[in-house]
Each structure stands twice: as C-alpha cells, then as structure tokens.
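> What follows is a predicted protein model with its sequence.
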Amino acid sequence: MPKLTNYHVLDPTNVGDLLSSPLQYFDFPGYSCQTQDIRNFDPDSVKNSHIIIGGGGLLYKRFLPQIQSLCTTQGVGKRILWGVGQQSYGCDKSVLDPPFNYDAYTAHSDLVGIRDDKMPHDWVPCVSCMHPAFDKPRTIKHEVVAFSHKKFQINIPGIPRMTNENSDLEEVLGFLGSGNTILTSSFHGAYWGTLLGRRVLAFPFSSKFFTLRHQPNLYIVNKWSRVRWRLSVLGKELWTFRYKGNIHSCDTKDWRQHLSKCQAYPQSLAECRERNRWFYQRVMGTLEE
C-alpha cells in the first residue's frame, strides 16, 4: 500500500498546531497515512512516500531547510503544500513589504494551497475549519473575552482570559464562543473566532494576521515588550526578573475605541470548508496522476 505522510508542527502546547493536519478530516483510501513533526524531519523516512506539508505557519525561515529538503529528496512521490502560511515578525503592514518570497518554499512542489489571501497560489484556509466542534451552537455570556498566544499576551483586568496553550478544542471554542467580541493575539484565535460568527479585534505580531481572507479589525501594536518584574528603590532599579517562556505584552489602553469597527463574517465557516473540500479533490487527482 502506498504511503502518505503529513509533515507539520506537532506542538502539544499550541492547540492550533495539533489540529492543522488534513489527515484528521479527510479519508485517503488506498494509502497508509501517518503524521510526522517537521522539526524532526529525517530524509530517509520520506522515500517511497507521497508527502503533504502543512498546515500552519510553516513558510518561515526556521522551516525553510526542512521544506526544501522534503521537496528535493530523491525517491519521494507527490509533494503537496496544504494550508501553509507565511510568518514574518512585525506589528504592522510594513512587514509585507517587500512581498514575501513564496517561491523559496513552493519550488519543486506538485500542488500548492496557501492560507494567505490575495497572494500567489490557490487560497486554502487552515483545515481545522473541518472539525465538527464548529457546528455546536454556543451562547454569548460576555461582551468581550481575550484569547492570547502563549508568548504574546493581552492583559486587560476584568476580562475573561485564556491562552492557546489549552489543547482542548471544545474548551477553546466554548471560551471563544462565550464572547460577543474576541480580543486575540493568536492567529487561530482570530480564525476560529471568525468561524464561530464572532467579531474579532486582533493584536498582530507577525505577517499572518494581515493575510486572513476574513479580516479581523486590527489593533496595531506599537511594540511587544518582554514581561518583567522590577524592584526599584528611589528610582534605582535593583533587580529584574523575566518570566520564564519569553512572554511579551503590549499597550492596550485605547482598545475599546476599536470595537465599533469589528465585524462578523457569518459565511466564513461554509466558505472555508468548501475551499478545503475543493482542494481535497485536487489532492486526490494529483496523487492518482
């Protein structure tokens, strides 16, 4: 039986990474399927196998050597990129100038679908939209909730909070769905909140926030600063403690002024699912060529 291997990041501390494999949502009859962490890529393991790279923000310099190796190793069958996206660090749209170099990552691929809208190649949003948990109705309980990336945290007193370190999708979606508006520094927090029909105000730290088709309103962060405790006496700093985990925070003082521009996209779930079903048919056709 031919092999089909999906390479992406399997980070147990990031719920978005865990749910971004197309093998979780689509059947590939006639193929022996497996998932591998792209960070532990072994060239010998992909021989005599078709490969899918994605999803997630794999179009990032850290993963370029692995992707280029996957796409050039001899003895590999079809090479497919599914729902991958760019990631260049920056807080505003200047991070998109100059334009991202997709060719460095997509060369030698047989089929490419990227989650970034209005960019080269076919638009294919993160496949996690296929999860059946999105079909469950959820009641709004709060005006606003905050869902943070574990390293870029939104700290506003009095607002319910959660981070993407929570690996239980039901809990995450229940939390996101409990808010009328979601404040988030997590890409998947913005994406999933939109799929739930909620309004989203995103606090960007990389280019991926600017490439969503269903754009959240953006709170442009001046600077993300590493969180520290400082002990000072008479204005003299005596001791500084950095939080373990490289946690950053930002100024949020006028966030309420941005809420009126947040909008919901009630059609987004159906649109994203239909696009992934369309791409699946293209994948099956490519595998059978």
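Looks like it came in fine.
> Who's the closest spatial neighbour of Ile114, skipping the chain neighbours?
Residue nearest to Ile114 in three dimensions, not counting chain neighbours: His121, with 5.0 Å by CB to CB, 6 or more residues apart in numbering. Using the backbone N, CA and C atoms, a C-beta is placed for each residue, glycine as well.
> what does Cys250 give?
Val221 (4.5 Å).
> Give me the phi and psi angles of that neighbour.
According to degrees, to the nearest 10, the main-chain angles of Val221 amount to phi -80, psi 130.
> Check Ser49 too.
According to degrees, to the nearest 10, the main-chain angles of Ser49 amount to phi -140, psi 140.
> What segments of the chain are helices?
Taking DSSP state H to define them, one finds helices in the chain at 15-18, 64-70, 103-106, 169-177, 187-195, 268-287.
> nearest to Gly83, of those helices?
The stretch from those with the least distance to Gly83 (CB to CB) is helix 268-287; that distance is 7.6 Å.
> which residues are contacting that closest one?
Contact partners of helix 268-287, identified using CB atoms under 8 Å, 6 or more residues apart in numbering, comprise 4, 22, 25-26, 28, 31, 50, 52, 77-78, 80, 82-83, 110-111, 113, 122-127, 129-130, 134, 194-197, 213-214.
> go with 7 Å
Applying CB atoms under 7 Å, 6 or more residues apart in numbering, the set of residues contacting helix 268-287 from outside is 26, 50, 78, 80, 82, 110-111, 113, 122-125, 127, 129-130, 134, 194-195, 214.
> in stretch 252-270, what's buried?
252, 255, 258-259, 262, 264-265, 268-269 (16 or more other CB atoms under 10 Å).
> May I have stretch 40-58 exported as CSV, CA atoms only?
What follows is the C-alpha trace of stretch 40-58 in CSV, where atoms were taken according to Å, rounded to 0.1, in the frame of the first residue of the first chain:
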residue,chain,number,x,y,z
ASN,A,40,12.3,16.1,13.4
PHE,A,41,12.5,15.5,9.6
ASP,A,42,14.5,12.5,8.5
PRO,A,43,15.2,12.4,4.8
ASP,A,44,15.3,8.6,4.7
SER,A,45,11.8,8.4,6.2
VAL,A,46,10.1,10.0,3.2
LYS,A,47,11.4,7.7,0.5
ASN,A,48,8.6,5.9,-1.4
SER,A,49,6.0,8.2,0.2
HIS,A,50,3.8,10.9,-1.1
ILE,A,51,4.1,13.9,1.3
ILE,A,52,1.8,16.7,2.4
ILE,A,53,3.4,19.7,4.1
GLY,A,54,1.0,21.7,6.3
GLY,A,55,-0.9,23.2,7.8
GLY,A,56,0.3,26.0,9.9
GLY,A,57,2.7,28.9,9.6
LEU,A,58,5.5,26.8,8.0
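> what is the rounded mean pLDDT of that stretch?
Taken as a whole, stretch 40-58 has a mean pLDDT of 89.
> contact partners of that stretch?
Residues outside stretch 40-58 that contact it (CB under 7 Å, 6+ apart) are 2-9, 17, 20, 22, 36, 38, 66-67, 69-70, 73, 75-85, 87, 115, 126-127, 187, 208, 287.
> where does the protein have low pLDDT?
Filtered on pLDDT under 70, the chain yields the residue ranges 228-245.
> how about the strands in the stretch 151-289 of the chain?
161-163, 179-184, 199-202, 217-218, 225-226, 228-233, 236-242, 248-249 (DSSP state E, counting those that start in this stretch).
> re earlier: would you check that the residue nearest to Cys250 makes contact with Tyr89?
No - checked against CB atoms under 7 Å, the pair Val221 and Tyr89 is beyond contact range at 11.7 Å.
> okay, these two: which has more neighbours?
Val221 (22 against 12; other CB atoms under 10 Å).
> ok, that one - contacts?
Shown in contact with Val221 (CB under 7 Å, 6+ apart): 91, 203-205, 250.
> In TSV: these, plus distance to Val46 and neighbour count.
Output for the contacts of Val221, formatted as TSV (distance: CB to CB, whole Å; neighbours: other CB atoms under 10 Å):
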residue	distance to Val46	neighbour count
Cys91	37	19
Phe203	38	29
Pro204	34	25
Phe205	32	22
Cys250	40	18
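> which two in the residues you listed are spaced the farthest apart?
Going by CB to CB, the two entries of the contacts of Val221 that are most distant from one another are Pro204 and Cys250, at 10.0 Å.
> can you redo the contacts of Val221 as a markdown table with distance to Asn155?
Listed next are the contacts of Val221 as a markdown table, based on distance: CB to CB, whole Å:
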| residue | distance to Asn155 |
| --- | --- |
| Cys91 | 17 |
| Phe203 | 11 |
| Pro204 | 17 |
| Phe205 | 15 |
| Cys250 | 9 |
